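Engineer: Okay, structure incoming, though there's no sequence with it:
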């Protein structure tokens, strides 16, 4: 069981430089002593795990922690850890979903529109964030609906998430990362993006770009495949969705 938790904690860390467990300030109403206890407990499980948030859990005596794209629950004495989702049976509600949504909404809000590739109608009713890979089949299928999404009043804001990661095991840039950098560095990002989705290799280009940062952000938010669609409230709406399915999911979220 411990090995499974360790594996879960390390999912997505393959392309990241190890980050000390105390490198990122925790969020939430917890004391410095609690923060230190949580970081020590998680640091003892796996080196280089980045702790992003620490908050009191709905279960008395436990803290809810988001660390390296994983949701964890740690006992107040630091002896017990649960990994996974938590459900409120009385309310028939996934409590972990609410915590993830709040965290994701806050983190996504930090990414300026200038660093995204945006396809939007004049007056959007909804705005979604989509982590995408220019080469994945479902991502390409999703982009073919872009005009229909916009017609329904949905603005689509793409963020880069090369599924191969940023660097190979040999330390070289992966082919997909290199291609996505070329797209983000193109004079006309939207045209280069759409062409890449149609299977046309973009002209090689290099510039100051957000591809690596967006990939790492996706790992923090629990992205493990593409496309990954997030609503304006931070809820994950799914992967590939038709315009009808996406509009319904957005309406259900209010």
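Structural biologist: That came through fine. The model shown is predicted, which means the values in this text are computed figures rather than measured ones.
Engineer: use CA for all of it now, contacts and neighbours both
Structural biologist: Will do.
Engineer: Show me the strands in the protein, by range?
Structural biologist: Using DSSP state E, the strands found in the chain span residues 51-56, 62-67, 70-75, 81-83, 87-88, 93-94, 117-119, 126-132, 154-160, 228-230, 236-238.
Engineer: Report the buried residues of the fourth one.
Structural biologist: If I follow you right, that is strand 81-83. Within strand 81-83, the residues scored as buried using 16 or more other C-alpha atoms under 10 Å are 81, 83.
Engineer: Equivalent analysis for the third one, please.
Structural biologist: For strand 70-75, the buried set under the neighbour-count rule, 16+ other C-alpha under 10 Å, comprises 70-75.
Engineer: would TSV of these with distance to residue 232 and pLDDT be doable?
Structural biologist: As requested, these are exported to TSV (distance: C-alpha to C-alpha, whole Å; pLDDT from 0 to 100):
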residue	distance to residue 232	pLDDT
70	21	89
71	21	91
72	24	91
73	26	92
74	29	91
75	32	91
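Engineer: Going by distance to residue 229, which of the residues you listed wins?
Structural biologist: The closest of those to residue 229 turns out to be residue 70 (C-alpha to C-alpha; 17.7 Å).
Engineer: roughly how far apart are that closest one and residue 113?
Structural biologist: Distance, residue 70 to residue 113, using C-alpha to C-alpha, to the nearest Å: 26 Å.
Engineer: ok, now residue 125?
Structural biologist: Using C-alpha to C-alpha, residue 125 is found at 17 Å from residue 113.
Engineer: Distance of the residue lying closest to residue 126 once chain neighbours are set aside relative to residue 62?
Structural biologist: The shortest distance from residue 126 to any non-neighbouring residue, by C-alpha to C-alpha, 6 or more residues apart in numbering, is to residue 154 (4.9 Å). From residue 154 across to residue 62, the span is 39 Å (C-alpha to C-alpha).
Engineer: Looking at these two, which is more packed in?
Structural biologist: The neighbour count for residue 154 versus residue 62, taken as other C-alpha atoms under 10 Å, is higher for residue 154 (24 against 20).
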